[in-house]
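*Asks:* output the structure for:
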Amino acid sequence: MATRLKKGDEPARRAAVLRAARWCFLHFGYAKTSLEDIARRADLSRTLLYRMFRDKDDLFVAVFEDWLAAHHPAAEEVAAGKGKGSKRRRLLEVCELLLLEPWAEMAGAPMAAEFHAVCARLDPGVEQRHRDVFRRSVRTILQEDDEATQLFLLALAGLQIDRPSPPVLRRRVELLIEKFVGRRG
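*Replies:* Predicted coordinates for the structure are as follows:
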């Protein structure tokens with residue numbers, strides 16, 4: 001039986017649905033996840049789920065956007081925080097927010113590999129906005145031209161190619177940052 005929430009609890013309900021949907025998509029994959037699976041995991045009716053989202057595509061894009069976009073304001077604030085820590089610390093914190101935290105949540109999920117590809121197909125703009133925030137944040141911290149920023153981001157993408165564990169990826173990111181800004185940077 002679905003839990004009854006009060007009228008003012010819509011944000012909490014939406015957050016619960018997005019968490020449940022993210023788990024389902026990461027564990028069952030887009031094709032095998034049904035709205036019934038998500039409704040059951042979120043402890044609400046499928047009818048209510050349809051009132052919140054048009055269809056599975058709409059819900060998938062909302063999950064992706066919420067998951068990544070939720071970190072954008074904090075990353076931009078860290079990047080702009082001149083005088084509030086070294087370049088190295090700020091760059092690591094931006095990478096933590098925009099890459100390492102989502103990576104850790106995806107690690108070990110059976111269908112994680114398809115997650116970005118499905119979103120890019122359904123709404124390429126969501127991932128592009130995420131990349132733009134990442135690029136602007138890195139450029140602000142490095143205070144370098146677009147070419148150096150692009151090189152950092154390409155190197156960062158290369159560190160992920162073999163799908164390392166979260167601790168291994170974190171160590172790789174730390175080494176990359178050290179190469180770009182030095183130990184004291």
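
*Asks:* where in this structure is pLDDT low?
*Replies:* Applying pLDDT under 70 to the chain picks out residues 1-8, 82-83, 184-185.

*Asks:* do that again at 90, thanks
*Replies:* Residues of the chain that meet the criterion pLDDT under 90 lie in 1-12, 64-70, 81-85, 105-108, 112-128, 143-146, 163, 181-185.

*Asks:* could I get the full set of helices for it?
*Replies:* 10-28, 35-42, 46-52, 56-69, 72-80, 87-95, 101-106, 112-122, 124-142, 146-158, 166-181 (DSSP state H).

*Asks:* rebuild those as CSV, extending it with mean neighbour count.
*Replies:* In short, each C-beta sits where N, CA and C put it, glycine included. Formatted as CSV, the helices of the chain follow (neighbours: other CB atoms under 10 Å):
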stretch, mean neighbour count
helix 10-28, 18
helix 35-42, 18
helix 46-52, 14
helix 56-69, 20
helix 72-80, 17
helix 87-95, 22
helix 101-106, 17
helix 112-122, 16
helix 124-142, 18
helix 146-158, 14
helix 166-181, 16
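
*Asks:* list the contacts of the spatially most central residue of the chain.
*Replies:* Geometric centre of the chain, nearest residue: L68, 3.2 Å, by CA atoms, centre = their mean. Each residue near L68 by CB atoms under 8 Å, 6 or more residues apart in numbering is listed here: 98, 102, 126-127, 130.

*Asks:* alright, that wraps it up for me.
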